[in-house]
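Chemist: coordinates for the following, if possible.
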Amino acid sequence: MIQLILTMCLQDINKVFKVFIIVVVIFLFCYCNKGNPVKKYYYDTGELKAEVQLIKIDANGDSIFFNKDYNKQGYVVAEGHDKEGVCFGFWKFYYSDGKLEWRGEMKNGHRYIPDSILFNNYKQPTDIEIEGHPKTLEVGQEYKLRTYVEGLPLDAYIVTNSNFDELERNDIDPEKYPLKFTPKRAGKLNILIVFPDSNGYVIYGEAKVKVFTFSVKNPR
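Modeler: Reported below is the predicted structural model:
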């Protein structure tokens with residue numbers, strides 16, 4: 001009987017000890033992963049400009065940071081890692097209203113496009129957005145436009161009308177809507193995203209394109 005009681009007590013002690021070890025491990029994990037403090041930087045006018053956190057110091061003694069940059073309206077415009085001031089690894093860039101503009105890998109401070117995307121660009125998820133999301137466009141009305149192609153920045157492809165005329169650049173707020181166009185006639189308007197071939201050339205008769213069609217009406 002006594003042996004049975006001792007056995008039960010030892011089992012209870014083991015359970016308590018295991019719970020204690022689990023609690024200690026969780027505490028140490030949380031404590032050790034608090035990370036370094038986030039340093040905040042501000043514009044002269046008081047708005048948050050950037051948040052920077054030291055992630056680690058690598059084997060070469062280089063400091064690796066995670067950066068998050070903001071515009072004065074409070075939107076994140078870029079986020080990713082840098083090593084000694086040079087962007088590397090996975091980054092995201094945003095239009096000035098927070099809409100995703102590009103995401104991908106940075107190498108030596110430059111956007112890197114792997115061959116798997118560059119040579120198969122037309123297969124990437126693609127979108128076109130017109131400011132205000134109008135259901136129908138009007139002849140003679142100027143519209144601002146932006147695009148998104150997964151893994152590709154805007155300078156890696158061409159945006160044109162049906163005649164392969166490139167759309168104009170918007171100089172008013174290009175950080176939000178970099179392109180603009182004006183419908184010339186009522187009916188259907190096609191806007192094309194034209195992708196270059198593996199040599200970087202656009203041969204319009206052979207070009208791979210994605211077509212977006214919009215309805216255009218005459219003004220009242």
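Chemist: what's the spacing between residue 118 and residue 89?
Modeler: 19 Å (CB to CB, to the nearest Å). Backbone N, C-alpha and C define where each C-beta goes, glycine included.
Chemist: what of residue 209?
Modeler: Distance check for residue 209 against residue 89: by CB to CB, it reads 32 Å.
Chemist: next: residue 197.
Modeler: 29 Å.
Chemist: what do you get for residue 81?
Modeler: From residue 81 to residue 89 the distance is 4 Å (CB to CB).
Chemist: got it, and residue 105?
Modeler: 7 Å.
Chemist: and residue 124, by the same measure?
Modeler: Taking CB to CB, one finds residue 124 at 20 Å from residue 89.
Chemist: between these two, which one's more packed in?
Modeler: Of the pair residue 124 and residue 89, residue 124 is the one with more neighbours under other CB atoms under 10 Å, namely 16 against 13.
Chemist: pLDDT wise, what is that one at?
Modeler: Note on residue 124: pLDDT of 84.
Chemist: which residues does it contact?
Modeler: Counting by CB atoms under 8 Å, 6 or more residues apart in numbering, residue 124 makes contact with 117, 149, 150, 151, 152.
Chemist: please identify the buried residues of stretch 107-120?
Modeler: Neighbour-count burial for stretch 107-120, counted by 16 or more other CB atoms under 10 Å, picks out 111, 113, 117, 118.
Chemist: stretch 41-58 now?
Modeler: Buried, per 16+ other CB under 10 Å, within stretch 41-58: 50, 51, 52.
Chemist: stretch 156-165 too?
Modeler: Buried-residue list, stretch 156-165, by 16+ other CB under 10 Å: 156, 157, 158, 159, 160.
Chemist: just the closest of those residues to residue 167, please.
Modeler: residue 159 (5.0 Å; CB to CB).
Chemist: can you tell me which one of the buried residues of stretch 156-165 sits lowest on pLDDT?
Modeler: Confidence-wise, residue 156 trails the rest of the buried residues of stretch 156-165, at 87.
Chemist: what score does the nearest residue to that residue once chain neighbours are set aside have for pLDDT?
Modeler: With CB to CB, 6 or more residues apart in numbering as the criterion, residue 156 has its nearest non-adjacent residue at 6.4 Å, and that residue is residue 113. pLDDT recorded at residue 113 is 86.
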